[in-house]
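A.B. asks: The sequence and its predicted three-dimensional model are supplied below.
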Number of protein chains: 2
Amino acid sequence: MNVTTLCLAILFQEEATGYEIKKMSTDGKYSYFVDASFGSIYPALARLERDGFVTCREESQPGKPARKIYSITEAGRARFAANLLEEPEPDIFRSAFLLVTMYAPMLPRHVVSRAIDIRVNQLTQEIEKLTQLAAEEQTPGAHWAIDYGLCCFRQSIEYLNDNRERLEAIAGTANDSPLPAAAE
Amino acid sequence: MNVTTLCLAILFQEEATGYEIKKMSTDGKYSYFVDASFGSIYPALARLERDGFVTCREESQPGKPARKIYSITEAGRARFAANLLEEPEPDIFRSAFLLVTMYAPMLPRHVVSRAIDIRVNQLTQEIEKLTQLAAEEQTPGAHWAIDYGLCCFRQSIEYLNDNRERLEAIAGTANDSPLPAAAE
DNA sequence: GTTAGCATGTAAACAGTTACATGATTGT
DNA sequence: ACAATCATGTAACTGTTTACATGCTAAC
């Protein structure tokens, strides 16, 4: 999914500024679609407005730049809806954590332990985020998605806790490691 | 992870050609790191060779372009190892399937059903791939990673099978859908 | 006094994809 | 006949990030 579609997806549900879209795509409910930066969101919104898929009203604030609040148009709704009807692209999972596990034999034990700790932490935070989202959220589709996410993340943490010793035992067992520190 | 690091990661474990690296990053064991195209792999290998991180020997084949088999150097091993010691970046999950679930109320039921079918299929294939990989694979780190993946994927399929009716029941319940087809 | 949050926007730089060029072999 | 697999490589294009510019307010 590209930034333009992300903007339409969010504006389909609620009005928002570019700043708010950025937050939602980085931490919020829409973080499972794209993580976009300001440098891609602002130009995307300008293009969407130029092409009639969104409209914009300004709200001036004393001392700050005016908030530009975007709303989706009928053309915008239709475009996003048509998008949703297409076959969804495959889900993507990319993991620097798994890279560490694959090369565990050549890594010092503490590096492997730290990687597990970081991953468990990340998952815990993700669960907290979803729990909070569920409390605020009303739409039934979002609720289903949140429940699914919670189930997957909990299972993942459980697996990590149950199997971390097995992985830590592998650490540092390679005898041809290019890391002098591996022997420590 | 970028394409250059991917090449080093693979060449750390085994010699390979650009073509083989492409396959491994798209379907194989390394598909959880980056999915790279030829247009990025060949230039990356050329840069790595120029900078002394890999070496290359050619194996001519009648009727085909010569295979350029790359091997990692000590400098390359050191560079990749240093990379692994850094704090791993957070794992990334991006899902077009979850987008469909979130907007289920405005979608016709068959679109939602199809999205679930596609996702279950994708997960099933992922499990088959990992099972096959486990049969071929020797390194203990890779085995741990595969077991972890299998656990997550199985759990995910189970959830989808147990909760698909609940999601399908939501489909088409929005009365303000921009899709005329939603009423079918 | 310094960091974080709010708020918009631009331009250069970068990484990567897509499409093209070339061509034999094997399977359907 | 046609598609897929093997095999390398380049060039144009695209989308996105990073860094910059600007500036107020509130918290620590």
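C.D. replies: Done, it's in.
A.B. asks: Helix, strand, or coil at the closest residue in space to A:Thr26 that isn't next to it in sequence?
C.D. replies: Spatial nearest neighbour of A:Thr26, excluding adjacent residues (Cβ to Cβ, 6 or more residues apart in numbering or on different chains): A:Asp35 at 5.5 Å. C-beta here means a position set from N, CA and C on the backbone, and glycine is covered the same way. Secondary structure, DSSP: H, G, I helix; E, B strand; the rest coil: A:Asp35 is coil.
A.B. asks: Over the top helix by length along chain A, what's the mean pLDDT, rounded is fine.
C.D. replies: Identified as the longest helix of chain A according to DSSP state H is helix A:140-170. The pLDDT scores in helix A:140-170 average 98.
A.B. asks: secondary structure class for the residue of chain A found nearest DNA strand D?
C.D. replies: Shortest chain A-to-DNA strand D distance, computed as Cβ to the nearest atom of the strand: residue-wise this is A:Gly39, at 2.2 Å. Judged by three-state DSSP, the three-state class of A:Gly39 is helix.
A.B. asks: If I take the longest helix of chain A and helix B:140-170, what angle do their directions form?
C.D. replies: 170 degrees (axes from the mean of the first three to the mean of the last three Cα atoms, to 10 degrees).
A.B. asks: Could you list the buried residues of helix A:140-170?
C.D. replies: A:140-153, A:155-157, A:159-160, A:164, A:167, A:170 (16 or more other Cβ atoms under 10 Å in any protein chain shown).
A.B. asks: so how far is stretch A:51-61 from its chain's centroid?
C.D. replies: Relative to its parent chain, stretch A:51-61 has a centroid offset of 26 Å by Cα atoms, centre = their mean, to the nearest Å.
A.B. asks: do it and DNA strand C meet?
C.D. replies: Yes: contact of stretch A:51-61 with DNA strand C (Cβ under 7 Å from any atom of the strand) involves A:Gln61.
A.B. asks: residue contacts, the spatially most central residue of chain A?
C.D. replies: Centre of chain A computed as the mean C-alpha position; nearest residue by Cα atoms, centre = their mean is A:Ser31, 3.1 Å away. Contact partners of A:Ser31, counting by Cβ atoms under 8 Å, 6 or more residues apart in numbering or on different chains, are A:Met24, A:Ser25.
A.B. asks: can you confirm it is in a helix?
C.D. replies: No: counting by three-state DSSP, A:Ser31 is not found in a helix; it is coil.
A.B. asks: What count of nearby residues applies to the nearest residue to A:Asn161 once chain neighbours are set aside?
C.D. replies: Spatial nearest neighbour of A:Asn161, chain neighbours left out: A:Val120 (7.2 Å); criterion: Cβ to Cβ, 6+ apart. The number of residues packed near A:Val120 is 16, by other Cβ atoms under 10 Å in any protein chain shown.
A.B. asks: re earlier: what's the spacing between the residue nearest to the centre of chain A and B:Val112?
C.D. replies: Separation of A:Ser31 from B:Val112 (Cβ to Cβ, to the nearest Å) stands at 22 Å.
A.B. asks: and if you look at A:Gln122?
C.D. replies: Taking Cβ to Cβ, one finds A:Gln122 at 30 Å from B:Val112.
A.B. asks: What residue spans form the domains of chain A?
C.D. replies: Domain segmentation of chain A under automatic domain parsing yields A:3-85, A:96-183.
A.B. asks: where does A:Gly172 fall, phi/psi-wise?
C.D. replies: Taking degrees, to the nearest 10, you get phi 70, psi 10 for the backbone angles of A:Gly172.
A.B. asks: Settle this for me: it is touching A:Pro105, isn't it.
C.D. replies: Yes: contact criterion Cβ atoms under 8 Å: A:Gly172 and A:Pro105 qualify, at 7.2 Å.
A.B. asks: and stretch A:97-105, does that touch DNA strand C?
C.D. replies: No: counting by Cβ under 7 Å from any atom of the strand, DNA strand C has no neighbours in stretch A:97-105; the shortest distance is 14.3 Å.
A.B. asks: now that stretch, how far from the centre of its chain.
C.D. replies: When distances are taken as Cα atoms, centre = their mean, stretch A:97-105 is centred 22 Å away from the chain's centroid.
A.B. asks: Repeat that for stretch A:124-133.
C.D. replies: Distance, centroid of stretch A:124-133 to centroid of chain: 12 Å (Cα atoms, centre = their mean).
A.B. asks: pLDDT on that stretch, on average?
C.D. replies: Taken as a whole, stretch A:124-133 has a mean pLDDT of 94.
A.B. asks: ok, and for that stretch, which residues are buried?
C.D. replies: Applying 16+ other Cβ under 10 Å to stretch A:124-133 flags A:Glu126, A:Ile127, A:Lys129, A:Leu130, A:Leu133 as buried.
A.B. asks: can those go into JSON lines with extra columns for secondary structure?
C.D. replies: Converted to JSON lines, the buried residues of stretch A:124-133 look like this (three-state DSSP):
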{"residue": "A:Glu126", "secondary structure": "helix"}
{"residue": "A:Ile127", "secondary structure": "helix"}
{"residue": "A:Lys129", "secondary structure": "helix"}
{"residue": "A:Leu130", "secondary structure": "helix"}
{"residue": "A:Leu133", "secondary structure": "helix"}
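A.B. asks: would A:Cys56 count as being in a strand?
C.D. replies: Yes: assessed with three-state DSSP, A:Cys56 lies in a strand.
A.B. asks: what's near enough to touch it?
C.D. replies: So A:Cys56 contacts A:Leu45, A:Glu49, A:Lys68, A:Ile69, A:Tyr70, A:Ser71 (Cβ under 8 Å, 6+ apart).
A.B. asks: mind redoing it with 7 Å?
C.D. replies: A:Glu49, A:Lys68, A:Ile69, A:Tyr70 (Cβ atoms under 7 Å, 6 or more residues apart in numbering or on different chains).
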